[in-house]
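Student: Predicted structure and sequence below. I'll ask about it afterward.
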Amino acid sequence: MTVKIHPSAIVDSNAVLGDGCEVGAYSIVGPKVVLGENCWIGNHVNLTGNTTIGNGTKIYHFASIGEAPQDKKYQNEDTKLIIGSNNTIREYCTLNTGTVQGNGETVIGDNNWIMAYVHIAHDCIVGNNIIFANGVTLAGHITVKDWVILGGLVPVHQFCIIGEHAMVGGQTAVAQDIPPYTMASGYRAEPKGVNSEGLKRRGFNAAQIENIKQAYKILYRNGLSYGEAKTFIEEMAVENPELKLYVDFFAQSTRGIIR
């Protein structure tokens, strides 16, 4: 296999490009960039920083990938951006490296669909099989778990956690943690039920979905304190593995959950 580089592109001699990569017109690939096999880089893309990109990832025109974090504490430390395989990153996206005050790296998983104008800030950890619609903005230190869907123009406050299979409606501001399986919307994110249709599409059976709905009711509908609800759900999770995601979420959550 061969690497195709447009004559107008600038690729540093120290950059590493895997077999089958293609770099479009006027794009720039910096000296610490590593591309896996069969990556496609569109026109006018800037790949810089200590950035590693996995096999089969496509990055569309005018994206800025691996630039320095927008953090005043950053002093040109050699932090990282790690992007997994088979991601689609559309036009004008901006993905920054980490900071030494955080993880030292920003991490994007596999098989994600990241639409135009998305910003993923320093030290974020983004899982797999995620959809970010146009204009999603992640502040620093955010964790987004697998199978999350964020609608258009959703801003997320720094240090928030969004649990697996959650779905957030467009233009919803997220300032607190969102539990797994939860649908949220509103001017400020409010819980709106369980993402049942998404779970069906991903192979959850009726009994599992019913258990998740029961856990949601315990958390939001039964008038219990957060501590009481956590205890009930943790007990349910002993015999219902699908609820283990709640247990893990409770252990990681620091900002409080949406209400």
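Tutor: On my side now, so go ahead. Just so it is clear, the structure is predicted and the values come from calculations on it, not from any experiment.
Student: I'd assumed residue 232 was in a strand, is it?
Tutor: No - secondary structure of residue 232 (DSSP: H, G, I helix; E, B strand; the rest coil): helix, not part of a strand.
Student: Do you know the pLDDT at it?
Tutor: Looking at residue 232, its pLDDT is 97.
Student: Could you double-check that residue 224 lies in contact with residue 232?
Tutor: Yes - Residue 224 lies in contact with residue 232 (CB atoms under 8 Å); the separation is 7.1 Å. C-betas here are computed from N, CA, C, even on glycine.
Student: Between those two, which contacts overlap?
Tutor: residue 218 (CB atoms under 8 Å, 6 or more residues apart in numbering).
Student: helices or strands up against the biggest helix by length in the chain?
Tutor: Longest helix in the chain by number of residues (criterion: DSSP state H): helix 206-220. Applying 3 or more CB pairs under 8 Å, 6 or more residues apart in numbering; DSSP states H and E, one finds that helix 206-220 makes contact with strand 190-194, helix 196-201, helix 226-237.
Student: tilt between the last one and helix 206-220?
Tutor: Between helix 226-237 and helix 206-220, the angle formed by their directions is 160 degrees, by axes from the mean of the first three to the mean of the last three CA atoms, to 10 degrees.
Student: tilt between the helix or strand following helix 226-237 and helix 206-220?
Tutor: Moving toward the C-terminus from helix 226-237, the next helix or strand (DSSP states H and E) is helix 244-252. For helix 244-252 against helix 206-220, the angle by the same axes, to 10 degrees is 30 degrees.
Student: how about the closest residue to residue 86 other than its chain neighbours, what does it touch?
Tutor: Leaving aside its sequence neighbours, residue 86 sits nearest to residue 56 (CB to CB, 6 or more residues apart in numbering; 4.4 Å). Taking CB under 8 Å, 6+ apart, we find residue 56 in contact with 36-39, 85-86.
Student: Which of the helices or strands spans residue 56?
Tutor: If you go by DSSP H and E, residue 56 is not part of any helix or strand.
Student: give me phi/psi at it?
Tutor: phi 70, psi 10 (degrees, to the nearest 10).
Student: now do residue 149
Tutor: Phi and psi for residue 149, reported as degrees, to the nearest 10, are phi -120, psi 120.
Student: Point out where the stretch 1-150 of the chain drops to low pLDDT.
Tutor: For the stretch 1-150 of the chain, applying pLDDT under 70 flags the ranges 1.
Student: Next up, the contacts around residue 91.
Tutor: Counting by CB under 8 Å, 6+ apart, residue 91 has contacts 42, 60-63, 116-117.
Student: I'd like those laid out as CSV, including secondary structure, distance to residue 193 and neighbour count.
Tutor: Converted to CSV, the contacts of residue 91 look like this (DSSP: H, G, I helix; E, B strand; the rest coil; distance: CB to CB, whole Å; neighbours: other CB atoms under 10 Å):
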residue, secondary structure, distance to residue 193, neighbour count
42, coil, 38, 20
60, coil, 34, 21
61, coil, 38, 17
62, coil, 38, 19
63, coil, 35, 24
116, coil, 29, 18
117, coil, 29, 20
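Student: From residue 41, how far off is the closest residue to residue 4 other than its chain neighbours?
Tutor: Nearest non-adjacent residue to residue 4, counting by CB to CB, 6+ apart: residue 22, 4.4 Å away. As judged by CB to CB, to the nearest Å, residue 22 and residue 41 stand 7 Å apart.
Student: and what of residue 227?
Tutor: For residue 227 relative to residue 41 (CB to CB), the value is 49 Å.
Student: Likewise for residue 126?
Tutor: Distance from residue 126 to residue 41, by CB to CB: 20 Å.
Student: who's more crowded, the two?
Tutor: Between residue 126 and residue 41, counted using other CB atoms under 10 Å, the more crowded position is residue 41 (32 against 25).
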